[in-house]
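> just need the structure, nothing else, for what follows:
(chains A and B)
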Amino acid sequence: MREIALHILDLIQNSIAASSKKVFLDVNEDEEGYFVFRICDDGKGMSAELLQKIRDPFVTTRLTRDIGLGIPFIAMSTEQSGGHLTIRSKEDVGTTIEAAFLRDHLDRPPLGDLAATIRVILATNPDLQFIVRYRYGNNCFEFDSLAAKEILGEEMDFSFPEVYLWLDAYLKQEISKVRNEQEATE
Amino acid sequence: MKTLEDLKALREKLKSDIKVRQNQGTKIIIGMGTCGIAAGAREVMSAALDELAVRKLNDVQVQQTGCIGMCEKEVLLDVIRPNEPRITYGNVKPADVKRIIADHVVNGRIIEDLVVGKIEQES
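Numbers count the residues shown, from 1 in each chain, chains lettered A, B, ... in the order given. Just a heads-up that it's a prediction; the model follows:
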């Protein structure tokens, strides 16, 4: 994966496949020298046995073939960048993933297009509550899809063309605002 | 400057479109497993959502699916028009999406050179 945002999209697909109703994504550009993201879901979780072997590419829950590369990819990427991947999970409660990369490591992938990752998740999962927090220094952007949907009303969601275009512009605006404000202080 | 308050105005504006949405329209399904994402599924899906938004095609639904085992042909994009076979396009690039929507989704002409599978209607 060329971007951290693509890893995030891939991992949230796991949350969705695990029947999560609520997913929290926290992205922090600089946490004491580390780039860190955390995904916390309320999906069906994993047994201690599955959790223990989840980094093995020949372990997967899917039925089409016996290979699952999502977790091994992100584990490799964090380790190559002097970071770590921590997964905690409890059956019927949910899963929390924390991925950390040394911020200035040569092998750390760029964050990439976080707005695209968020809008694609929101447009195709209308019933998911998706909470996003993007932090950089003292600047922060928070978005809660439930709060936005309350304004939007029951009958509409983010897949509506005009709502989708609004979301696209709004996310880009807010993310670059956080970035610009931080860069102005550096 | 966009704010959350804009959604209130959109809600009023789009009230009349909601009825259209409830009809059984065409579906576009994109493979979003690890293989699909690594091959560019996010950009293909963005291109599809953008194109539908530009054309104001309210009654077309975009959905995602996991890996179906044809990883080498990702990005996979399926089009299901009501009462027609499900067509699977393979090695789809964002640049192909406009053509798929214009020719197939809107006008019902299958783009043969991109097809990798065809399933007769399940139901």
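
> what ranges do the helices span in the chain?
Since you didn't name a chain, this refers to chain A. Counting by DSSP state H, one finds helices in chain A at the ranges A:4-17, A:48-52, A:70-80, A:114-124, A:145-152, A:161-185.

> chain B, not that one
According to DSSP H, chain B carries its helices in the segments B:6-14, B:18-22, B:34-39, B:41-54, B:94-99.

> out of the helices of chain A, nearest to residue B:5?
Closest approach to residue B:5 among those (Cβ to Cβ): helix A:145-152, 7.5 Å. To be clear about C-beta, it is placed using only N, CA and C from the backbone, and glycine gets the same treatment.

> now that closest one against helix A:114-124, angle please.
Per axes from the mean of the first three to the mean of the last three Cα atoms, to 10 degrees, the angle that helix A:145-152 makes with helix A:114-124 is 60 degrees.

> what residues sit buried inside helix A:145-152?
Burial within helix A:145-152, assessed by neighbour count using 16 or more other Cβ atoms under 10 Å in any protein chain shown, is assigned to A:145, A:148, A:149, A:152.

> now render the helices of chain B as TSV, adding mean neighbour count, distance to residue A:33 and mean pLDDT.
Formatted as TSV, these follow (neighbours: other Cβ atoms under 10 Å in any protein chain shown; distance: least, Cβ to Cβ, whole Å; pLDDT from 0 to 100):
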stretch	mean neighbour count	distance to residue A:33	mean pLDDT
helix B:6-14	15	38	87
helix B:18-22	13	48	61
helix B:34-39	25	28	92
helix B:41-54	23	29	94
helix B:94-99	16	36	96
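
> TSV for those helices, including distance to residue A:29?
Converted to TSV, the helices of chain B look like this (distance: least, Cβ to Cβ, whole Å):
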stretch	distance to residue A:29
helix B:6-14	27
helix B:18-22	38
helix B:34-39	22
helix B:41-54	20
helix B:94-99	27
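
> CSV for these, including distance to chain A?
Listed next are the helices of chain B as CSV, based on distance: least, Cβ to the nearest Cβ, whole Å:
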stretch, distance to chain A
helix B:6-14, 4
helix B:18-22, 5
helix B:34-39, 4
helix B:41-54, 4
helix B:94-99, 11
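
> re earlier: distance to residue A:107 and mean pLDDT added to the helices of chain A, as JSON lines?
What follows is the helices of chain A, written out as JSON lines (distance: least, Cβ to Cβ, whole Å; pLDDT from 0 to 100):
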{"stretch": "helix A:4-17", "distance to residue A:107": "12", "mean pLDDT": "93"}
{"stretch": "helix A:48-52", "distance to residue A:107": "26", "mean pLDDT": "83"}
{"stretch": "helix A:70-80", "distance to residue A:107": "5", "mean pLDDT": "88"}
{"stretch": "helix A:114-124", "distance to residue A:107": "20", "mean pLDDT": "95"}
{"stretch": "helix A:145-152", "distance to residue A:107": "33", "mean pLDDT": "93"}
{"stretch": "helix A:161-185", "distance to residue A:107": "22", "mean pLDDT": "91"}
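
> let's have those helices in a markdown table, adding distance to residue A:91.
Formatted as a markdown table, the helices of chain A follow (distance: least, Cβ to Cβ, whole Å):
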| stretch | distance to residue A:91 |
| --- | --- |
| helix A:4-17 | 15 |
| helix A:48-52 | 9 |
| helix A:70-80 | 17 |
| helix A:114-124 | 24 |
| helix A:145-152 | 25 |
| helix A:161-185 | 33 |
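
> got those as CSV, with distance to chain B columns?
Listed next are these as CSV, based on distance: least, Cβ to the nearest Cβ, whole Å:
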stretch, distance to chain B
helix A:4-17, 5
helix A:48-52, 17
helix A:70-80, 4
helix A:114-124, 5
helix A:145-152, 4
helix A:161-185, 4
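
> go ahead and confirm residue A:161 touches residue B:59.
No: the criterion here is Cβ atoms under 8 Å, and residue A:161 misses it with residue B:59 at 10.4 Å.

> looking at the two, which is more packed in?
Neighbour comparison, residue A:161 and residue B:59: the larger count goes to residue A:161, with 21 against 14 (by other Cβ atoms under 10 Å in any protein chain shown).

> mind listing what the residue lying closest to that one once chain neighbours are set aside touches?
Among residues not flanking residue A:161 along the chain, residue B:53 sits closest, at 3.6 Å (Cβ to Cβ, 6 or more residues apart in numbering or on different chains). Shown in contact with residue B:53 (Cβ atoms under 8 Å, 6 or more residues apart in numbering or on different chains): A:161, A:162, A:164, A:165.

> of all these, which comes closest to residue A:118?
For these, the residue nearest residue A:118 by Cβ to Cβ is residue A:164; the value is 11.7 Å.

> how near is that closest one to residue B:91?
Applying Cβ to Cβ, to the nearest Å, the value for residue A:164 to residue B:91 is 25 Å.
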